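**Q** Structure of the sequence below:
(one chain, ligands or ions: 1)
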Amino acid sequence: MKYPRTVNRYCPNCRKHTKHIVSVYKKGKERAMNHGRRRVERKKKGYGSFPKEIFHKNAKINKRTLPVLECSECKKKHYAKSYRVKKFEIQEV
Ligand SMILES: [Zn+2]
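**A** Numbering: from 1, shown residues only. Predicted structure coming up:
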């Protein structure tokens with residue numbers, strides 16, 4: 001799917017329609033000592049099998065792509081509608 005690089009969208013901070021610059025959301029680096037990581041590390045201690053099941057029966061082929069819109073006036077970011085598509089390109093129009 002093709003998505004334009006700039007879109008005119010409503011900005012809740014400016015409370016009007018402004019020009020937004022589109023980029024794709026990327027997951028940030030996970031902290032090594034977050035709560036879930038600490039819990040898994042505690043469970044993995046000692047004897048026994050791996051505490052969490054490993055998921056194999058994956059029915060969905062494509063991951064969701066989330067476009068991030070950055071307001072060109074206040075520089076705040078908000079999210080647009082996400083899509084499950086094979087290919088997501090940002091394109092100059
Ligand atoms: Zn704004």
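**Q** R5: what's it in contact with?
**A** R5 is in contact with 21-22, 90-93, counting by Cβ atoms under 8 Å, 6 or more residues apart in numbering. Heads up, the C-betas are built off the backbone N, CA and C, glycines and all.
**Q** Give the other helices and strands that the lengthiest strand in the chain contacts.
**A** As assigned by DSSP state E, the longest strand anywhere in the chain is strand 16-24. Other helices and strands packing on strand 16-24, by 3 or more Cβ pairs under 8 Å, 6 or more residues apart in numbering; DSSP states H and E, are strand 6-11, strand 67-71, strand 89-91.
**Q** Which stretch among the ones you listed is buried most, on average?
**A** The highest mean neighbour count among these, using mean count of other Cβ atoms under 10 Å, belongs to strand 67-71: a mean of 18.
**Q** can you list the residues that contact that one?
**A** For strand 67-71, the surrounding residues in contact (Cβ under 8 Å, 6+ apart) are 3, 7, 9, 11, 13-14, 18-25, 76-82, 90.
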